[in-house]
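Visitor: Okay, sequence plus prediction incoming.
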Amino acid sequence: MNHTERIAHISRQVRGLTREQARRAVELHLASVAEEAALGGWVALPGLGRLRIGCYKNGGKLKNRILDSALPIHDAGFRIQARLHLNDEFKVACREHLLPLAKVNAAIARYPSSTRRAEH
């Protein structure tokens with residue numbers, strides 16, 4: 001479901017809510033989630049779990065492969081990491097919907113895509 005389809009779905013769920021009002025509400029909610037996540041705190045995502053964005057110092061040294069570089073060896077710097085803790089209900093739903101698909105895809109992958117014999 002893309003953004004437009006999601007807005008239409010939400011506007012149909014609440015009587016009297018126009019698509020524009022639904023779009024505005026969803027975009028404001030996502031903007032507030034992004035702002036809170038950027039501050040580094042845990043953000044509750046109803047029906048999904050909790051999200052946290054962190055900035056961590058990398059260890060080690062990096063060697064610059066560019067010739068004539070002013071920084072031949074430098075610190076690795078920082079990395080941005082997203083942590084998502086899924087709630088139990090969402091995990092169960094994922095297992096119910098995705099596990100059968102994974103089994104089918106694994107079964108398909110065991111067989112060649114073409115049954116035609118190679119010609120010699």
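Guide: Great, that's in hand.
Visitor: Can you read off the pLDDT for Leu48?
Guide: pLDDT for Leu48: 92.
Visitor: residue ranges with poor pLDDT in the chain?
Guide: 65-71, 74, 104, 106-120 (pLDDT under 70).
Visitor: Which helix in it has the most residues?
Guide: For the chain, the longest helix by residue count, based on DSSP state H, is helix 88-110.
Visitor: Contacts for it next, please.
Guide: 47-49, 86 (CB atoms under 8 Å, 6 or more residues apart in numbering). All C-beta spots, glycine's among them, are computed from the backbone N, C-alpha and C.
Visitor: By neighbours, which of the residues you listed wins?
Guide: Gly49 (18 neighbours; other CB atoms under 10 Å).
Visitor: Tell me which residues touch the closest residue to it other than its chain neighbours, please.
Guide: Once flanking residues are discounted, Gly49 sits nearest to Leu86: 4.2 Å by CB to CB, 6 or more residues apart in numbering. Counting by CB under 8 Å, 6+ apart, Leu86 touches 48-49, 94.
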